[in-house]
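> Got a sequence here, can you build the structure:
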Amino acid sequence: TLAFEGATKRNRPELRGGDVVYARVVLARRYADPELECVSARGKADGFGALDGGFCFDTTVAHCRALLAPDCYVLQRVGA
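Modelled structure (predicted):
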């Protein structure tokens, strides 16, 4: 399930399988589909939604947490 800013049944983004989406996980259970939101806490898109271009790759949760560290070497090298 996805939630987008200003989306209705008639006016919602067209997404296909394999599309990459920048979203926040609202609910994730073992035997149910996850719920994602493509809006910020303010209710605005703020960069969330379908992504065009760039790269997508699998990684571990531990590596993701390391990227969040303020002194992350990788992000310093790429200029983020």
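
> Going along the chain, name the helices of this protein.
Taking DSSP state H as the test, the helices found in the chain are 61-67, 73-78.

> Make TSV out of those and add distance to residue 48.
In short, each C-beta sits where N, CA and C put it, glycine included. Formatted as TSV, these follow (distance: least, CB to CB, whole Å):
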stretch	distance to residue 48
helix 61-67	17
helix 73-78	20
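
> Residue 40 is nearest to which of those?
helix 61-67 (19.4 Å; CB to CB).

> centre of the chain versus the closest one, how much separation?
Taking CA atoms, centre = their mean, to the nearest Å, one finds helix 61-67 lying 15 Å from the centre of the chain it belongs to.

> Can you list the neighbours in contact with it?
72, 74, 75 (CB atoms under 8 Å, 6 or more residues apart in numbering).

> Reformat the helices of the chain as CSV; add mean neighbour count, distance to residue 42 and mean pLDDT.
Output for the helices of the chain, formatted as CSV (neighbours: other CB atoms under 10 Å; distance: least, CB to CB, whole Å; pLDDT from 0 to 100):
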stretch, mean neighbour count, distance to residue 42, mean pLDDT
helix 61-67, 10, 24, 89
helix 73-78, 10, 25, 86
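
> Run through the residues that contact residue 31.
Counting by CB under 8 Å, 6+ apart, residue 31 makes contact with nothing.

> Fine by me, we can end here.
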